[in-house]
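Sequence and predicted model, in that order:
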Amino acid sequence: MKQKESFQFTTGVIAYPLLFILLIWLVFWFEVRFGYHFNKFGLYPQTIKGLRGILFGPFIHGDIEHIYHNTVPLFVLSAALFYFYRPIAWKILAYGILLSGFLTWCIGRPSYHIGASGLIYVLVSFLFFKGIFAKYYRLVALSLAVIFLYGSMVWYTLPIKEGISWEGHLSGLLCGLFFALVFKKQIKQPIKYVWEAEDYNEADDPFLKHFDENGNFIESIEADDEVQDVKNENPVTYNYIYKSEKGENS
């Protein structure tokens, strides 16, 4: 895949995040409409039965405030993921749900852990660290935007508020960092100019040939011997026209 195809807007950039969010809201609507409570399908650490929550937990939310606070960042971050990292977006989502969920299952308290916040922390962490590691200006700008919008979320990876799965948040943060280190291929790379190459030779640079050894501009230069006029076989001469301080052509 060509690098220039990495930053192309497609319908999937909006459609996939919308479908994921609609599915979450559909589950919540079903609970409210028919009086069901799917909390028991959430992730319950250190139990075999609780392993099913790795898959089901991100789609289950406790109340309207819980699902509302997860909707906006999930849409924004997943859309950014599909736009800037489209070749690996599905891998980040799938592995992010599985790995962060399993890590939460390993370190979590004996309680039901539900909600998409673990995945949100995966996306925040990955988008931030991957942009910094890539050193590509667009991805670095994305990293700064992410930390500006969601940087305060880092505090919720600590047990500072009761009722919040800080274990899920911490697991998502660590998984996002891990993915940023692992997924190195198929992403946009920084542009390297000719003069940055290891085998670069100033003597062969066509731009520097316009200047003498003292850095003075040469008004006319004679092309290399290989570049000859086809008809009369005379050397090609480049003349440069510039304006003097008085505005006259010289």
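In hand now; what should we look at?

Where does the prediction get shaky in the protein?
Residues of the chain meeting the criterion pLDDT under 70: 1-8, 185-250.

switch the cut-off to 80
1-9, 184-250 (pLDDT under 80).

how close does the residue nearest the centre of it sit to residue 151?
By CA atoms, centre = their mean, the chain has its centre lying nearest to residue 127, at 4.1 Å. Distance of residue 127 to residue 151, given as CB to CB, to the nearest Å: 12 Å. For glycine as for every other residue, the C-beta is placed from the backbone atoms N, C-alpha and C.

about what we covered before: the helix or strand containing the residue nearest to the centre of the chain - contacts with which helices or strands?
Element membership for residue 127 (DSSP states H and E) is helix 117-134. Secondary-structure packing of helix 117-134 (3 or more CB pairs under 8 Å, 6 or more residues apart in numbering; DSSP states H and E): helix 64-84, helix 89-107, helix 137-150, helix 166-182.

list the buried ones in the third one?
When neighbours are counted by 16 or more other CB atoms under 10 Å, the buried residues of helix 137-150 are found to be 139, 142-143, 146-147, 150.

Enumerate the positions of the longest helix belonging to the chain that are buried.
Ordering each helix of the chain by length in residues (DSSP state H) puts helix 11-34 first. Burial within helix 11-34, assessed by neighbour count using 16+ other CB under 10 Å, is assigned to 13, 16-17, 20-21, 24, 27-28, 31.

quick one, domains of the chain?
Domains of the chain are assigned by automatic domain parsing as 3-182, 194-250.

just these: most buried one?
When those are scored by mean count of other CB atoms under 10 Å, the highest mean neighbour count falls to domain 3-182 (a mean of 18).

hmm, back to that, can I get the buried residues of helix 137-150 in CSV including distance to residue 66?
Below are the buried residues of helix 137-150 laid out as CSV (distance: CB to CB, whole Å):
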residue, distance to residue 66
139, 31
142, 27
143, 27
146, 22
147, 24
150, 17
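
Can you tell me which of the residues you listed is closest to residue 118?
Distance to residue 118, by CB to CB, is smallest for residue 150 among the buried residues of helix 137-150, at 14.1 Å.

Quick check: the closest one touching residue 124?
Yes. If you go by CB atoms under 8 Å, residue 150 and residue 124 touch, sitting 5.1 Å apart.

who touches both of the two?
Listed as contacting both residue 150 and residue 124 by CB atoms under 8 Å, 6 or more residues apart in numbering are 73, 77.

With residue 65 as the reference, measure out to the closest residue to residue 71 other than its chain neighbours.
Nearest non-adjacent residue to residue 71, counting by CB to CB, 6 or more residues apart in numbering: residue 21, 5.7 Å away. According to CB to CB, residue 21 and residue 65 sit 16 Å apart.
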